[in-house]
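# Got a sequence here, can you build the structure:
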Amino acid sequence: MTQYNQPIGGNDLARFSGPNTFMRLPQASSLEGLDVAVLGVPMDIGTSWRSGTRFGPKQIRSESAMIRPYNMANGSAPFDNLQIADIGDLAINTFSLADSLRIIKDSYDGILAQDVIPMAMGGDHSITLPILRAMAAKHGPVALVHVDAHADVNDEMFGEKETHGTVFRRAYEERLIVPDKTFQIGIRGSGYAASDFTEAQGWGFRQYPAWELWQQNLTEIGSLIRKTVEDHPVYITYDIDSLDPAYAPGTGTPEIAGLTTPQALQLIHALAGMNVVGGDLVEVSPPYDPSGNTALTAANLLFEMLCILPGVTSR
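Below you'll find the predicted structure:
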C-alpha cells in the first residue's frame, strides 16, 4: 500500500517549528516516485517596478505552516492520493535574467521528463515564459488560465523582450499556448494605449476585466473555462496582484479595484476536473507586507490549486 507524504500536523509539532517547506511537507532531493513537485523560483530581476519577489518562496513556505491537509469547502484531500513533496528552490543566476530563464527552462525539462506536475512559487512573472516553453515541448501548446491585474502582452520593456510584462506576447508568438483557450481574468488599471488589452483579444485571448467582475461569483466563469478547454492540457498562472491590494498589498505592481479572496477561491474550485499539467503563484513581495497576509493568501491559493490537480479525490 502506497504511503503518501503528509504535511506535519499542528498537533504533532508546533506550527512555528519544523522544516521551512511548503506546508511542512518532506523535502525531496529526487523526483523519483513523486506526482507533484512544489518548488520555489526566488527571482525579481524581471520586474519593472517594486522588487522583493526573490523573498516570495521563503515567506510563502513560512506562512503555509498554518494550512491543514483537508479542504473543507470542496472536500478535496490532495495528500491522500498524490505523492507531493517540496523540491526546494531553483538555483537561478541573480545577476542575469537571460541565464535565469535558461536555468528555469532546463530545470523544467528535467521535471517534466519524470511525468511530475510542477507547482511553482515565484518570483516575478517572467518565470512563466520558460516554464511554458518546457510545457509546450512536453505537451504541445497548452491552454492557459492567467489570473492577473495585467495582460503582460507588451512587446518590450526598456528594449528587453523577456520581462514580467512581455510573457504572454512571447508565449503567443512562440505558439506555446492555444489562443482561443487562453483566459485572462482580473485585468484592470491604467494603460499605455487603448489597445493594451484589445490587441490580445484579436489573437483570440478571452478576457474578463475586473470591472466586469465586481461583486460577481466567478463560479460560472470557471465552469465556462472548464467546458471550453475540455481535456486539453492546461497551465494555471496566478499573479497575486490579481487580488485587490486590500487583500494582497505585498506585490510589486499593485492595482486597485481587483478581485477578492472569495472570488479567487470560487474560480479555482470551478476549475476542478481539468487536465492541469502545472501551475505557478507569482509576484509575492514580502517587503511590502510586513504582516505576512499576502504570503498567507498566496500559500492558500497554491494549496487550492493542489486540490484540483488530476487524481485528487474528495472525501
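# What helices and strands are in contact with the longest helix seen in the chain?
Longest helix of the chain, by residue count under DSSP state H: helix 97-113. Helices and strands touching helix 97-113, by 3 or more CB pairs under 8 Å, 6 or more residues apart in numbering; DSSP states H and E, are strand 36-41, strand 117-122, helix 128-139. Any C-beta I mention is one placed from the backbone N, CA and C, and that applies to glycine too.
# To Glu160, which of the ones you listed lies closest?
Glu160 lies closest to helix 128-139 among the helices and strands packed on helix 97-113, at 12.0 Å (CB to CB).
# Just put the helices and strands packed on helix 97-113 in CSV and tack on mean pLDDT and distance to Phe205.
Listed next are the helices and strands packed on helix 97-113 as CSV, based on pLDDT from 0 to 100; distance: least, CB to CB, whole Å:
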stretch, mean pLDDT, distance to Phe205
strand 36-41, 98, 24
strand 117-122, 98, 21
helix 128-139, 98, 14
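# Return the most buried member of the ones you listed.
strand 117-122 (a mean of 26; mean count of other CB atoms under 10 Å).
# what helices or strands is that strand leaning on?
strand 36-41, helix 56-63, helix 97-113, strand 276-282, helix 293-306.
# which of the ones you listed is buried the deepest?
strand 276-282 (a mean of 26).
# For that strand, enumerate the helices and strands it packs against.
Other helices and strands packing on strand 276-282, by 3+ CB pairs under 8 Å, 6+ apart, are strand 117-122, helix 128-139, strand 234-239, helix 293-306.
# Run the chain-centre distance for the longest one.
Okay, so that is helix 293-306. 10 Å (CA atoms, centre = their mean, to the nearest Å).
# Measure how that helix sits relative to strand 117-122, angle-wise.
170 degrees (axes from the mean of the first three to the mean of the last three CA atoms, to 10 degrees).
# And the strands in the chain?
36-41, 84-89, 117-122, 142-147, 177-185, 206-208, 234-239, 276-282 (DSSP state E).
# who wins for proximity to Gly191 among these?
Once the strands of the chain are compared by CB to CB, strand 206-208 is nearest, at 12.8 Å.
# hey, what's the closest residue to Leu309 other than its chain neighbours bridged with?
Leaving aside its chain neighbours, Leu309 sits nearest to Val276 (5.5 Å; criterion: CB to CB, 6 or more residues apart in numbering). Here Val276 sits in beta bridges with Val234, as judged by DSSP bridges.
# Do I have it right that Val276 meets Ile236?
Yes - judged on CB atoms under 8 Å, Val276 makes contact with Ile236 at a distance of 6.2 Å.
# list the residues that contact both of the two?
The overlap between the contact sets of Val276 and Ile236 (CB atoms under 8 Å, 6 or more residues apart in numbering) consists of Met305.
# need the contact list for the nearest residue to Phe197 once chain neighbours are set aside.
Spatial nearest neighbour of Phe197, chain neighbours left out: Ala151 (5.5 Å); criterion: CB to CB, 6+ apart. By CB under 8 Å, 6+ apart, Ala151 lies in contact with Phe168, Gln184, Ile187, Asp196, Phe197, Ala200, Phe205, Gln207.
# Let me have those in JSON lines, extended by distance to Arg102, pLDDT and neighbour count.
As requested, the contacts of Ala151 are exported to JSON lines (distance: CB to CB, whole Å; pLDDT from 0 to 100; neighbours: other CB atoms under 10 Å):
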{"residue": "Phe168", "distance to Arg102": "20", "pLDDT": "98", "neighbour count": "28"}
{"residue": "Gln184", "distance to Arg102": "27", "pLDDT": "98", "neighbour count": "24"}
{"residue": "Ile187", "distance to Arg102": "29", "pLDDT": "98", "neighbour count": "27"}
{"residue": "Asp196", "distance to Arg102": "29", "pLDDT": "86", "neighbour count": "16"}
{"residue": "Phe197", "distance to Arg102": "30", "pLDDT": "90", "neighbour count": "18"}
{"residue": "Ala200", "distance to Arg102": "26", "pLDDT": "96", "neighbour count": "22"}
{"residue": "Phe205", "distance to Arg102": "27", "pLDDT": "98", "neighbour count": "24"}
{"residue": "Gln207", "distance to Arg102": "31", "pLDDT": "98", "neighbour count": "17"}
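# Verify the stated contact: Gly278 with Tyr238.
No - taking CB under 8 Å as the definition, Gly278 is not a contact partner of Tyr238, at 11.8 Å.
# Including distance to Ile104, could the helices and strands packed on strand 276-282 go into JSON lines?
Formatted as JSON lines, those follow (distance: least, CB to CB, whole Å):
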{"stretch": "strand 117-122", "distance to Ile104": "9"}
{"stretch": "helix 128-139", "distance to Ile104": "4"}
{"stretch": "strand 234-239", "distance to Ile104": "13"}
{"stretch": "helix 293-306", "distance to Ile104": "18"}
